[in-house]
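J.: Following is a predicted model, sequence given first.
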Amino acid sequence: MTVELTPLGVACNLSCTYCYQHPMRDAGNMGNKKPYDLEKMFAALTEENAKFSVFGGEPLLVPLDDLERIWEFGFVRWKENGIQTNGVLITPAHIGAFMKWNVHVGFSLDGPDELNDSRWAGTLERTRESTEKSHANLRACIAAGVRTSVIVTLYRGNASAEKLPRLKEWIRELDRIDTKGIRIHTLEVDHPVVREKMQLKQEEVIVAIGELIKLERELSKLRLDVTSDVRRLLRVDDDQVTCTWNPCDPYTTSAVHGVDGQGNRTNCGRTNKDGIPRLKGPRVGFERQLALYRTPQADGGCQGCRFFIMCKGQCPGTAIDGDWRNRSQDCPTWMFLFETLEREMLENGELPLSLSPDRLRLESAMLGLWETGQTMSLKSALARINAGQTLVSAFIAGNVDHGDAPHGDEHGDHWDDAPSELPHGDAPHGDHTDAEAGT
């Protein structure tokens, strides 16, 4: 489970056109109606009893003295901290605090120069100046030994045919300077302007993903989260995959819990399509997954998809038409990725879950578990099935994981120091961290 701490709500120093938090800003729900209360936040974090990441908007708008108090609180309990930032406001004093309190810094960047014009600062000149500051601060953090990762959103400005070579070269540079992780996000479309001016055609996204798969083979250390996650899912080794591959209730998101500046519990911001940041519901339900499994693909569902038990319709924040009852609008992209890595495994003599007899057993067992309002990882489920247990009885007996895994999106993702490892205890979604069906 990841806890996102948002002292200032969605307040930000930039105005990224595609930001999934714009519905909240448009509705006037910028954040707290009064200044944040550190003691209330600490009390809520103590009750959550889980690692947290400072998030926004832009969390570096919080004064450094207060950030240090927050990180001291996290360090005493967890020996580490996290923050997700666009990187513009980082100073040498911040870098010193990152080192002192073992803060993992997730940068939200879409590339160098014009590739990062998505992260708008009011004018083109200020945008390019901000981009240069962000990249200089990324390099400074790495040089100082601060653990870093990057979330990149694919859009027309960095992944079209003419821009893709520059994006790939920049990723090679991230590998050379020892960035610890990179999360690839598809564009979340919440407004007609974003669709018209920024969205790639589906076939362009697929080409970009295909090129990134090839690029990863050239990198010495850096690994892409999407390829690592899908390989793990196909191998039934999903304890640490990004939260977008886990079943999610948009009214009480499991993998990402939020704590606002007054200590209130909130949900993952990607589900706030109507601009209302709802408080967390009292219990989790898996109606979305149960419905998608039985709804024909022609009607927005996932019926008959051999990848469903791994994909689960992907993140409700990317659902077709913004309606969480539908599967992800990025279904063709994820289908391509699953099929590509499924082929790779077969060529290497491995049997992926999608083509294994275990798939149907897992589907049946997980559906039964979801009907009771419970979940667990596929890895844990298969182990219990092979041991002769039913999943529901395993839950009644206790000592079963609930599948709370890192979040995959533009929030506080955390990567372990080992470059090949996936985020742990993360919080990213579409744009900030530690970042997704057919037959």
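T.: Great, that's in hand. Residues are numbered from 1 along each chain as shown.
J.: tell me the residue furthest from the middle of this protein?
T.: Farthest-out residue of the chain from its mean C-alpha position, per Cα atoms, centre = their mean: Gly388, at 34.2 Å.
J.: got the contact list for the closest residue in space to Val62 that isn't next to it in sequence?
T.: Excluding the flanking residues, the one nearest Val62 by Cβ to Cβ, 6 or more residues apart in numbering is Pro7, at 5.2 Å. (Glycine included, C-beta is placed from N, CA and C.) Counting by Cβ atoms under 8 Å, 6 or more residues apart in numbering, Pro7 touches Asn32, Tyr36, Met41, Val54, Pro59, Val62, Asp66, Ile70, Asp260, Gly261.
J.: And what about the residue farthest from the centre of the chain, helix, strand or coil?
T.: Secondary structure state of Gly388, per DSSP: H, G, I helix; E, B strand; the rest coil, is coil.
J.: what's the spacing between Arg166 and Ile184?
T.: Distance of Arg166 to Ile184, computed by Cβ to Cβ, to the nearest Å: 16 Å.
J.: which of the two has more neighbours?
T.: Ile184 (20 against 16; other Cβ atoms under 10 Å).
J.: continuing past the host helix or strand of Gln84, what's the next helix or strand?
T.: Assigned by DSSP states H and E, Gln84 falls within strand 81-85. For strand 81-85, the succeeding helix or strand toward the C-terminus, using DSSP H and E, is helix 92-100.
J.: what's in contact with that next one?
T.: 60, 64, 67-68, 71, 103, 105, 137, 140-141, 144-146.
J.: Just the ones of these in strands?
T.: Val103, Val105 (DSSP state E).
J.: For PyMOL, what selects the buried ones among the contacts of helix 92-100?
T.: Remark: buried members of the contacts of helix 92-100, expressed as a PyMOL selection using 16 or more other Cβ atoms under 10 Å:
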select buried, resi 60+67+68+71+103+105+137+140+141+146
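J.: need the contact list for the residue nearest to Glu114 when sequence neighbours are not counted.
T.: Leaving aside its sequence neighbours, Glu114 sits nearest to Gly157 (Cβ to Cβ, 6+ apart; 6.8 Å). With contacts defined as Cβ under 8 Å, 6+ apart, Gly157 is in contact with Asp110, Glu114, Leu115, Asp117, Ser118, Lys163, Met198.
J.: ok so the first one is a strand residue?
T.: No. Secondary structure assignment (three-state DSSP) places Asp110 in coil, not in a strand.
J.: any idea how far it is from Asp321?
T.: Distance from Asp110 to Asp321, by Cβ to Cβ: 25 Å.
J.: Settle it for me: which of these two has more neighbours?
T.: Regarding Asp110 and Asp321, a neighbour count based on other Cβ under 10 Å identifies Asp110 as having more, with 27 against 11.
J.: My guess is the more buried one contacts Arg166. True?
T.: No. Taking contacts as Cβ atoms under 8 Å, Asp110 lies outside contact range of Arg166: 11.1 Å.
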